[in-house]
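>>> fold the following and give me the result.
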Amino acid sequence: MIKYIYIVLVFAILLSSCSSKESVKELNETDYFNVINKEFTGDLAYETTSFVEKYWRVVGNTGFDASIYFIAEKLDKMGYVKEEEATAKDLLTYRIETRPLKRPTWESVNASVIINGDKESLLELATNTNMIAMNSYSTPKEGVRAEVVYIKDLKNIKEIDVKDKIVFVETSPGKVFNTMMEEGAVGVLSYNMPSYLQPKKNTTSIQFRSIPLNEEAKGWAIALSYSAKERLKDNLKKGKVFVKVVVETKIYPSEELTIVADIKGAVLPKERLVFSAHIQEPGANDNASGVGVALEMASVVAKHVKDGSFIPKRTLTFLWGDEIISTRRYVQEDSIRAQDIKWGISLDMVGENTEKTGGVFLIEKMPDPSAIWTRGNDKHTEWGGSKMKLDQMKPHYLNDFLIDKFIEQGKRVNWKVSTNPFEGGSDHVPFLGADIPSVLFWHFTDQFYHTDNDRIDKVSQTTLKNVGITALVSAFVLINSDENTGKSIIKGIEVSAIIRLNEELKQSKIALNKGEDLEIQIKIISAWEDWYLKAISSTNDMVDDISKLEFEMKNAQNSIKNLSEKIKDELRKIDR
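Reported below is the predicted structural model:
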């Protein structure tokens, strides 16, 4: 308690110091949107995205480390102090965590593929930065020349003589690489592009691929674009084809870097909201954009903490590192800290110019019944998700709270916001695995997802702004949440529950008219009822005494229960 009082006194001293120079108004919740909309310009987010996207980023390689130190340099200028140099009065701190990598890192340097006799290369790394499969070794400096063998049916893969030949397959190279090396192949050419990437339109796109790190074979694989694949197949129709392949890569021991920045809470510093933005992967939107948005968020909040206009009650943390791995470690390595992480949010693919990439901004919800019964306006993305079970649900107010905030910003600036049922695959997963409420901010479908056409020209500074503004407003509300916040959120959940239950009534009527089972419809309504009742109960983490919210909780829960029963009765009448 003495420590908490000391921290509060430090904030008071800072506020007094600022007030002596100029009058500083402390922000309240009604100010957040207006103020942050003016201050979050997107300039730093865009600058950072532009810097990071220049590199093909793998943990431990040159581009990944350069991105870490770029962030550190910016944090220094914002007033964040390295943890090892910080004193108790330093409220803005950061650290760079260093760990040896168990396996070597990798980076591409140069590559080309030339069909024998052609003047123009089939592929060049300068224009197809994803052409070398990750973990490929270099060829001899002069390259290798060999006949291409096309294996159309992978069932017969071991029956074909590939010794001293280059194998061409239409599947992920990782599936066949080790087998082909064992059979004596020189290397692998592969084509494997999902339809949502529109390869016949984006004919030069290559989605990045990887192969197992094979230190004995020291082989390589090249991923082909649609146009390169078609050109190679046209040549194969004419007879034997020989190609010359040059690959230059670096594979070397390195270390893993993670950077963590904290804005310490004045009252409950152990409790925290964590934003996670992964650095690795070679794209601009995926995920240089998340790195950039997080950094500008850290800048804006630092300004308000330093001038005393915002005094955080709880701690706000920004984490930049290796997707899922760094976040999982952050959650798991300190069991005491993990208990006090109240919310986790993943910033991944958050800067898209949707006029170019397609898709829409999405909030991927915590597991709710839409991940079991996906119907009506709920739709999985092309990325896809597995059907879940009732015992995997994560009822919490975070879903509807964030949806409401993003819809509010969308109305302000005419920005389209949507949601998708839980699918996984990003930094929200480790949080959820530790029973920490968490969602993903992202875009999909993106016709350049994971391809070498995911470049800075596909990023919108306006989108970076909108995501950063709303994420930061949400953070300000959550880390300073109290009894009044809880009451407001309870009311919002009640409204959301009524809308949802009426929509599910509509969908169940459609289902019954199609001859579907009544009991399933009753089960769906009950699942949503249960989810919202528990979501309302989860607001108790905003107060030190649940009795402060008990009245509002009971009223909202009774309203939901009553509506649910009426809907079930109506469905039973229809089914008679």
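>>> when you work out contacts or count neighbours from here on, use the C-alpha atoms and nothing else.
Will do.
>>> residue boundaries of the strands in the stretch 151-300 of the chain?
166-169, 187-190, 221-223, 242-252, 255-263, 268-278 (DSSP state E, counting those that start in this stretch).
>>> could the ones you listed go into a markdown table alongside distance to Glu333 and mean neighbour count?
As requested, the strands of the stretch 151-300 of the chain are exported to a markdown table (distance: least, Cα to Cα, whole Å; neighbours: other Cα atoms under 10 Å):
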| stretch | distance to Glu333 | mean neighbour count |
| --- | --- | --- |
| strand 166-169 | 42 | 25 |
| strand 187-190 | 39 | 25 |
| strand 221-223 | 36 | 29 |
| strand 242-252 | 27 | 19 |
| strand 255-263 | 14 | 21 |
| strand 268-278 | 15 | 24 |
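>>> could you export those strands as JSON lines, including mean pLDDT and distance to Ser537?
Output for the strands of the stretch 151-300 of the chain, formatted as JSON lines (pLDDT from 0 to 100; distance: least, Cα to Cα, whole Å):
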{"stretch": "strand 166-169", "mean pLDDT": "97", "distance to Ser537": "54"}
{"stretch": "strand 187-190", "mean pLDDT": "98", "distance to Ser537": "52"}
{"stretch": "strand 221-223", "mean pLDDT": "98", "distance to Ser537": "51"}
{"stretch": "strand 242-252", "mean pLDDT": "98", "distance to Ser537": "51"}
{"stretch": "strand 255-263", "mean pLDDT": "98", "distance to Ser537": "28"}
{"stretch": "strand 268-278", "mean pLDDT": "98", "distance to Ser537": "19"}
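>>> rebuild these as JSON lines, extending it with distance to Lys102.
What follows is the strands of the stretch 151-300 of the chain, written out as JSON lines (distance: least, Cα to Cα, whole Å):
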{"stretch": "strand 166-169", "distance to Lys102": "30"}
{"stretch": "strand 187-190", "distance to Lys102": "26"}
{"stretch": "strand 221-223", "distance to Lys102": "23"}
{"stretch": "strand 242-252", "distance to Lys102": "11"}
{"stretch": "strand 255-263", "distance to Lys102": "9"}
{"stretch": "strand 268-278", "distance to Lys102": "19"}
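>>> quick one, which of those is nearest to Lys25?
Evaluated with Cα to Cα, the strands of the stretch 151-300 of the chain place strand 255-263 nearest to Lys25, the distance being 19.6 Å.
>>> can you pull up the most central residue in this protein?
Asp348 (2.8 Å; Cα atoms, centre = their mean).
>>> give me the nearest residue to Val81, chain neighbours excluded.
Nearest non-adjacent residue to Val81, counting by Cα to Cα, 6 or more residues apart in numbering: Thr93, 4.5 Å away.
>>> after the longest helix along the chain, which helix or strand is next?
With secondary structure taken from DSSP state H, the chain has its longest helix at helix 483-513. Downstream of helix 483-513, the next assigned helix or strand under DSSP states H and E is helix 518-537.
>>> circling back: the longest helix of the chain - contacts with which helices or strands?
Secondary-structure packing of helix 483-513 (3 or more Cα pairs under 8 Å, 6 or more residues apart in numbering; DSSP states H and E): helix 398-413, helix 518-537, helix 547-575.
>>> now those as JSON lines including mean pLDDT?
Listed next are the helices and strands packed on helix 483-513 as JSON lines, based on pLDDT from 0 to 100:
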{"stretch": "helix 398-413", "mean pLDDT": "98"}
{"stretch": "helix 518-537", "mean pLDDT": "98"}
{"stretch": "helix 547-575", "mean pLDDT": "96"}
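>>> return the most buried member of the ones you listed.
The highest mean neighbour count among these belongs to helix 518-537 (a mean of 20), with neighbours defined as mean count of other Cα atoms under 10 Å.
>>> counting contacts, what elements does that one pack onto?
helix 483-513, helix 547-575.
>>> among those helices, which is nearest Ala284?
helix 483-513 (34.8 Å).
>>> with adjacent residues omitted, what lies nearest to Ile132?
Distance criterion Cα to Cα, 6+ apart; nearest residue to Ile132, sequence neighbours excluded, is Ile222 at 4.9 Å.
>>> which ones are touching that neighbour?
Met131, Ile132, Ala133, Val188, Leu189, Ser190 (Cα atoms under 8 Å, 6 or more residues apart in numbering).
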